[in-house]
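# Any chance you can model this:
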Amino acid sequence: MDFKWTKKDLLSLYDLSAEEILCILDTAAEFKKVSQRKIKKVPALRGKTVVNLFIEPSTRTRTSFELAEQRLSADIININADSSSLRKGETLLDTVKNIEALQVDLIVMRHSAAGAPNFLAPLVRPGIVNAGDGAHSHPTQALLDLFTIREKKGTIKGLNVSIIGDILHSRVARSNMWGLLKLGANVTLAGPSTLTPTMFEKVGVRVCHNMKDALEGVDVVNLLRIQHERQRSGFFPSVGEYSKVFGLNAGTAKYLKPDALIMHPGPINRGVELDSELADGPQSVILEQVTNGLAVRMAVLFLVAGCLK
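Numbers count the residues shown, from 1 in each chain. Alright, predicted model coming up:
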């Protein structure tokens with residue numbers, strides 16, 4: 001693909017064009033080949049310093065970014081909330097300005113406040129890569145989901161994709177929605193009416209509140225966990241009730257086509273949004289999502305590093 005990446009930051013998929021998204025996916029396809037070689041390291045970021053600033057807990061994303069940085073030969077510094085001066089009352093901007101003063105090149109950032117990376121990006125020289133901000137955006141998760149879908153289905157344009165679960169509090173849902181729409185998919189958001197507001201219909205997605213409508217005829221279903229940590233009141237009667245009505249299990253999976261992909265960003269609450277036999281079954285691509293996340297994050301780091309001044 002003859003397209004030149006020009007952004008020093010990756011903040012959200014809302015900000016990207018279809019061409020920019022495809023540029024990342026095509027670059028990731030090349031980096032996936034690197035991970036399949038006997039020698040998995042390349043010197044693409046040799047001499048660059050990357051700071052992983054994680055102010056919110058993470059397992060998959062942080063590990064994936066750190067391994068991606070190692071595979072690209074970058075120098076790595078890890079900072080979390082407990083080990084930073086944020087606990088002493090320092091502002092986020094002061095923390096990042098001090099990191100910038102150490103002449104680092106990239107900051108991979110996760111924060112509980114929506115918009116934190118967008119606030120910082122124009123104020124600092126290092127590139128900012130958003131690793132998740134509140135309920136706002138998780139661009140690399142959406143990119144690895146798009147990569148997995150395209151790898152399995154050949155294209156994204158024209159596919160029917162349902163995202164089911166806690167849409168209201170999900171940065172994954174928002175990022176996937178924008179990426180899928182920009183690449184021409186038909187998107188359905190489903191879940192309890194309290195967690196799936198109809199306001200999303202204004203951007204061109206379909207909203208429904210039952211599993212039969214959400215699953216019939218879809219090519220891909222992406223299950224989301226209930227984000228209790230972001231909820232301030234009860235949005236459904238009980239976890240058991242939610243699982244019965246909106247979980248993907250033997251009863252509801254009958255509506256799926258045999259070749260439909262089952263996806264989940266993790267962590268899975270088994271027996272709630274997704275039963276184990278389906279999470280581990282032949283239609284599941286959940287572990288492939290994890291594998292592809294490494295290639296996607298290598299691509300993102302490589303592309304944004306190439307635009308640093």
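
# Now stretch 134-154: buried residues?
134-151, 153 (16 or more other Cβ atoms under 10 Å). Using the backbone N, CA and C atoms, a C-beta is placed for each residue, glycine as well.

# So what are the sheet partners of the host helix or strand of residue 187 and their directions?
For residue 187, the host element (DSSP states H and E) is strand 186-190. Next to strand 186-190 in the sheet, as set by DSSP bridges, lie strand 160-164 (parallel), strand 206-208 (parallel).

# so which of these comes closest to residue 303?
Closest of the strands paired with strand 186-190 to residue 303 is strand 160-164, at 25.0 Å (criterion: Cβ to Cβ).

# Pull out the CA atoms of the closest one and give them to me as PDB.
Extracted in PDB, the C-alpha atoms of strand 160-164 (Å, rounded to 0.1, in the frame of the first residue of the first chain):
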ATOM      1  CA  ASN A 160     -21.900  -7.900   9.800                       C
ATOM      2  CA  VAL A 161     -20.300  -7.400  13.200                       C
ATOM      3  CA  SER A 162     -22.100  -7.400  16.600                       C
ATOM      4  CA  ILE A 163     -20.500  -6.000  19.700                       C
ATOM      5  CA  ILE A 164     -22.400  -7.300  22.800                       C
END
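
# ok, and what's touching it?
Strand 160-164 has contacts (Cβ atoms under 8 Å, 6 or more residues apart in numbering) with 149, 173, 176-177, 180, 185-191, 211, 214-215, 217-224, 246, 248, 273.

# now stretch 288-297
Here stretch 288-297 makes contact (Cβ under 8 Å, 6+ apart) with 24-25, 28-29, 31-32, 34-35, 60-61, 64-65, 67-68, 71, 140-141, 143-145, 147-148, 151-152, 263-266.

# And the strand or helix carrying residue 140, how far out from the chain middle?
Assigned by DSSP H and E, residue 140 falls within helix 139-153. The chain centre lies 9 Å from the centre of helix 139-153; the measure is Cα atoms, centre = their mean, to the nearest Å.

# I'd like the average pLDDT over that helix.
If you average the pLDDT over helix 139-153, you get 98.

# repeat for stretch 284-298
Mean predicted confidence for stretch 284-298 is 98.

# Against residue 61, how distant is residue 72?
Computed with Cβ to Cβ, to the nearest Å, the distance linking residue 72 and residue 61 is 16 Å.

# now do residue 15
Distance, residue 15 to residue 61, by Cβ to Cβ: 19 Å.

# Which of the two has more residues huddled nearby?
Neighbours per residue (other Cβ atoms under 10 Å) separate residue 15 from residue 61, with residue 61 holding more: 24 against 15.

# Nearest spatial neighbour of that one, chain-adjacent residues omitted?
Spatially, and ignoring its direct neighbours in sequence, residue 61 is nearest to residue 131 (5.2 Å; Cβ to Cβ, 6 or more residues apart in numbering).
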